[in-house]
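> task: produce atomic coordinates for the following.
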Amino acid sequence: MAKKFEDQGGAATMDPSRLERWLTSKVMTRLSQTSSAKARHAKAERTRLKVSAPHEVHYFHQVDDGYSHLTAQLLMPLLARYDIELRCHLVRADQGKNVPEPELLARLSRYESHLVAPGYGLVFPDHLQEPDAHHVSLATRILAAQSADTFPEIAAKVGDALWSGDGARLDHLAEVSGCTVIEHADAAVDTGNQLRHEMKHYSGAMFYYGGEWYWGADRLYLLEQRLAALGVDRYSERDFIAPRPSITLPQKRDNKAFTLEFYASLRSPYTAVVFDRVVAFAREAGVTLALRPVLPMVMRGVPATRAKGMYIFMDAAREAHKAGVPYGNFYDPIGDPVRKCYALYPWAASQGKGVELLSSFLRHAFALGVNTSTESGLKKVVEAAGLDWVAAQAHRQDTTWEALLEENRLAMYQAGLWGVPSFRLIDPKGETVLAVWGQDRLWLLAQKLCERVNQEL
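Have a look, this model is predicted:
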């Protein structure tokens, strides 16, 4: 959500000025450094110690969000494992610029939570339909009636009943656990939304600790790392309660009949973090990689806020560090640099270098700090991809990429996806095995590929 939203910036028809691009680049580079993250953590801990405050973790729960139900199942284990005080808040889905396609996100949360749950030892029913509105209201009223002590346990039970469509069980929970009136529940949700806004975030299933946000089951390992480093882990000899699932490829490595479609954008931090790993994944798994670039969201007229942009860039930096990927020396490529590279993409692809060109661009913009808006910067990108700069000049004004990228965008939406990076795994019969969103889903792609390859044997 964020996990995972991509591409921030200005209006679709405008490019940033040189000063704006430079300032954005400098700020994001500084924030992305591991040393900066350590300094922020140290400052937060000094502040906590100064006032003798407990290790206070805030959690924001959205009742009708699939990712929130996954996260709710981890609240009691989190409290048992770490010496923390957990403050739980009810929120509703953000309706503003931070969530440009709320219906698609809601559907994806239901679809993906069912697939992701087993990897974290969790449970989520196969529930593509929107939950019953009356059940959502009752679930919210039950949770709004809970105390700080009872919320973590009841949230998981309520979510299980809600997503199972079990109205009778919700009625029973309301009777035995308490239930408030709708006005009080609405007020609790409004308060949670206001606090989340003040803390500069927009999503459900979010943890907040010491000035930093952690998204659901997928980022809980980062919060666990931080808490363990502070000495509040009661069972430090054990693995984390939500470690990132490992990537296990099929033993059979000749799987060219399977196609992995990879929807990528040249201004997406998460795409930059995962691009070369996806290429390596396809090669090692023996599947056919179909690269399908799309225009960055902001260049399609989808606005976003500063809070969203800050979270994405900082989260991408953490994920890059975890993956051992060079990242963080950033020079914003929004606007003309992206268009100029995409103009060369059809030619590069015809030379068998389309993947190399996009990889080189992302590396130069997000890891090497090269200003790709200049001629010298673009030349570095082209030559590092193994292409001839002189030969590239004949293709600088090519516009065929526009129709190609729009076709890719429509295909991505048709698959139920809209953000990048996204993936669609297609079997030898041309049927979709899996369509998922996010640089943190390679383990799930590997798992489903293994299952289908084994079926084919």
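> low-confidence ranges in the protein?
1-14, 301, 303, 457 (pLDDT under 70).
> now the strands for it?
56-62, 85-91, 206-209, 212-215, 259-264, 288-293, 422-426, 432-437 (DSSP state E).
> domain parsing for the protein?
Split into domains by automatic domain parsing, the chain comes to 33-229, 259-456.
> give me the distance between the two termini of the last one.
For domain 259-456, the first-to-last residue distance is 15 Å (C-alpha to C-alpha, to the nearest Å).
> off-centre distance for that domain?
Relative to its parent chain, domain 259-456 has a centroid offset of 15 Å by C-alpha atoms, centre = their mean, to the nearest Å.
> and for the shortest one?
A distance of 16 Å separates the C-alpha centroid of domain 33-229 from that of its chain, computed with C-alpha atoms, centre = their mean.
> sorry, back to before: and the domains of the chain: which comes nearest residue 235?
Closest to residue 235 of the domains of the chain is domain 33-229 (C-beta to C-beta; 6.1 Å). Yep, even glycine has a C-beta here, placed from its N, CA and C like the rest.
> which residues does residue 153 contact?
75, 76 (C-beta atoms under 8 Å, 6 or more residues apart in numbering).
> quickly note the distance from residue 266 to residue 297.
Residue 266 sits 12 Å away from residue 297, going by C-beta to C-beta, to the nearest Å.
> pretty sure residue 236 sits against residue 227.
No - counting by C-beta atoms under 8 Å, residue 236 stays clear of residue 227, with 10.3 Å between them.
> separation between residue 54 and residue 312?
In terms of C-beta to C-beta, residue 54 sits 30 Å off from residue 312.
> quick one: which of those two has more around it?
Comparing residue 54 with residue 312 by other C-beta atoms under 10 Å, the one with more neighbours is residue 312, at 23 against 10.
> circling back: more crowded one of residue 266 and residue 297?
Using other C-beta under 10 Å as the criterion, residue 266 and residue 297 rank with residue 266 on top: 29 against 25.
> who are the contact partners of the nearest residue to that one once chain neighbours are set aside?
Nearest residue to residue 266 in three dimensions, chain neighbours excluded: residue 338, at 4.6 Å (C-beta to C-beta, 6 or more residues apart in numbering). Contact partners of residue 338, counting by C-beta under 8 Å, 6+ apart, are 266, 267, 295, 296, 299.
> can you pick the most crowded of those?
residue 266 leads these on contacts (other C-beta under 10 Å) with 29 neighbours.
> for that one, what are phi and psi?
phi -80, psi 0 (degrees, to the nearest 10).
> and residue 336, how many neighbours?
14.
> please apply the same query to residue 17.
9.
> state the distance from it to residue 335.
From residue 17 to residue 335 the distance is 10 Å (C-beta to C-beta).
> show me the helices in the stretch 151-300 of the chain, by range?
Listed in chain order, the helices of the stretch 151-300 of the chain (DSSP state H, counting those that start in this stretch) span 151-163, 167-177, 182-198, 216-229, 269-285.
> in JSON lines, list these along with distance to residue 345.
Formatted as JSON lines, these follow (distance: least, C-beta to C-beta, whole Å):
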{"stretch": "helix 151-163", "distance to residue 345": "42"}
{"stretch": "helix 167-177", "distance to residue 345": "52"}
{"stretch": "helix 182-198", "distance to residue 345": "39"}
{"stretch": "helix 216-229", "distance to residue 345": "31"}
{"stretch": "helix 269-285", "distance to residue 345": "14"}
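> gap between the residue of the chain positioned farthest from its centre and residue 317?
What lies farthest from the middle of the chain is residue 390; by C-alpha atoms, centre = their mean that is 38.6 Å. Here residue 390 is placed at a distance of 36 Å from residue 317 (C-beta to C-beta).
> what's the answer for residue 185, then?
37 Å.
> who has more neighbours, the two?
Neighbour count, other C-beta under 10 Å: between residue 185 and residue 317, residue 317 has more, with 25 against 22.
> could you find the closest non-adjacent residue to residue 15?
Residue 15's closest residue in space is residue 335 (C-beta to C-beta, 6+ apart), at 3.3 Å.
> for burial, what's the neighbour tally of that neighbour?
A count of neighbours around residue 335, defined by other C-beta under 10 Å, yields 21.
> can you check residue 111 too?
Other residues close to residue 111 by other C-beta under 10 Å number 20.
> same check on residue 411?
Residue 411: 15 neighbours (other C-beta under 10 Å).
> was I right to think residue 235 contacts residue 77?
No - contact criterion C-beta under 8 Å: residue 235 and residue 77 do not qualify, at 10.6 Å.
> more neighbours, these two?
The residue with more neighbours, out of residue 235 and residue 77, is residue 77; 15 against 11, by other C-beta under 10 Å.
> which one is that one nearest to, not counting chain neighbours?
Take residue 77 and drop its neighbours on the chain: the residue closest to it by C-beta to C-beta, 6+ apart is residue 241, 4.6 Å away.
> residue 454 too?
residue 250 (7.1 Å).
> quick revisit: tell me how far the residue farthest from the centre of the chain lies from residue 382.
10 Å.
> and if you look at residue 117?
44 Å.
> leaving out sequence neighbours, find the closest residue to residue 101.
Using C-beta to C-beta, 6+ apart, the nearest residue to residue 101 is residue 418, at 5.0 Å.
> which ones are touching the one you found?
Contacts of residue 418 (C-beta under 8 Å, 6+ apart): 100, 101, 104, 412, 437.
> what do you get if the cut-off is 7 Å, keeping everything else the same?
Counting by C-beta atoms under 7 Å, 6 or more residues apart in numbering, residue 418 makes contact with 101, 104, 412.
> next, give phi and psi for it.
Dihedral angles (degrees, to the nearest 10) for residue 418: phi -150, psi -20.
> check contacts around residue 368.
residue 329.
> measure it to residue 342 for me?
Here the criterion is C-beta to C-beta. By it, residue 368 lies 20 Å from residue 342.
> kindly report the same for residue 449.
Counting by C-beta to C-beta - residue 449 and residue 342 are separated by 29 Å.
> go on, residue 52?
55 Å.
> ok, residue 100 next?
Taking C-beta to C-beta, one finds residue 100 at 21 Å from residue 342.
> who's more crowded, these two?
residue 342 (25 against 17).
> the residue nearest to the more buried one when sequence neighbours are not counted: what's it in contact with?
The shortest distance from residue 342 to any non-neighbouring residue, by C-beta to C-beta, 6+ apart, is to residue 401 (4.4 Å). Residue 401 makes contact with 342, 343, 345, 346, according to C-beta under 7 Å, 6+ apart.
> what is the neighbour count of residue 396?
Using other C-beta under 10 Å, residue 396 has 11 other residues around it.
> contacts only, for residue 404.
Counted by C-beta under 7 Å, 6+ apart, residue 404 has contacts residue 346.
> tell me how far it lies from residue 294.
Using C-beta to C-beta, which is the criterion applied here, residue 404 is 10 Å from residue 294.
> what does residue 150 give?
45 Å.
> and the two? Which one has more around it.
More crowded of residue 150 and residue 294, by other C-beta under 10 Å: residue 294, with 31 against 14.
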